[in-house]
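**Student:** Predicted model and sequence below, questions to follow.
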Amino acid sequence: MSDSKSKTVTATFETREAADLAVEHLVQKIGIDRTDVFVQAAGRLNTSGVEVSGGDAPSANEDGREDAKLSGEIEVSADINADRITALHRTFGDLGALRVTAK
């Protein structure tokens, strides 16, 4: 989405679980097309957050996992029409975003 009325809103989350939940809300509750939602590490290193949660946590049958690297925060961004920014900020806030920016 790239027109003069669109904005990219980015939120930073501590866990992969929170980022996944944010994507689910954006697509299913706000109606943003999944192709307009992006997830990436907030820093240079690949990461699944700053703490283990949700699907990243080992199950009772595992001794531990080495695949869930905890190297930093996770960013979720969405390209949206400018008139939806308030709803998106509210959703990100309700889901525990650490920071929310729009450009």
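**Tutor:** It's in.
**Student:** May I have the one helix or strand residue 22 maps to exported as PDB, CA atoms only?
**Tutor:** Taking DSSP states H and E as the definition, residue 22 sits inside helix 16-25. Taking only C-alpha atoms (Å, rounded to 0.1, in the frame of the first residue of the first chain), the coordinates of helix 16-25 have been written out as PDB:
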ATOM      1  CA  ARG A  16       7.100 -13.700  20.000                       C
ATOM      2  CA  GLU A  17       3.700 -14.600  21.500                       C
ATOM      3  CA  ALA A  18       2.700 -10.900  21.800                       C
ATOM      4  CA  ALA A  19       3.900 -10.200  18.300                       C
ATOM      5  CA  ASP A  20       1.900 -13.200  16.900                       C
ATOM      6  CA  LEU A  21      -1.200 -12.100  18.800                       C
ATOM      7  CA  ALA A  22      -0.800  -8.600  17.300                       C
ATOM      8  CA  VAL A  23      -0.700 -10.000  13.800                       C
ATOM      9  CA  GLU A  24      -3.800 -12.000  14.500                       C
ATOM     10  CA  HIS A  25      -5.700  -9.000  15.800                       C
END
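**Student:** correct me, but residue 73 touches residue 12?
**Tutor:** Yes: under the criterion of Cβ atoms under 8 Å, residue 73 lies in contact with residue 12, with a separation of 4.8 Å. No exception for glycine: its C-beta is placed from N, CA and C like everyone else's.
**Student:** shared neighbours of the two, anything?
**Tutor:** Common contact partners of residue 73 and residue 12 (Cβ atoms under 8 Å, 6 or more residues apart in numbering): 42, 98.
**Student:** where do the helices sit along this protein?
**Tutor:** Per DSSP state H, the chain has helices spanning 16-25, 85-94. These are given in chain order.
**Student:** where in this structure is pLDDT low?
**Tutor:** Per-residue confidence for the chain (pLDDT under 70) gives these ranges: 1-4, 45-71.
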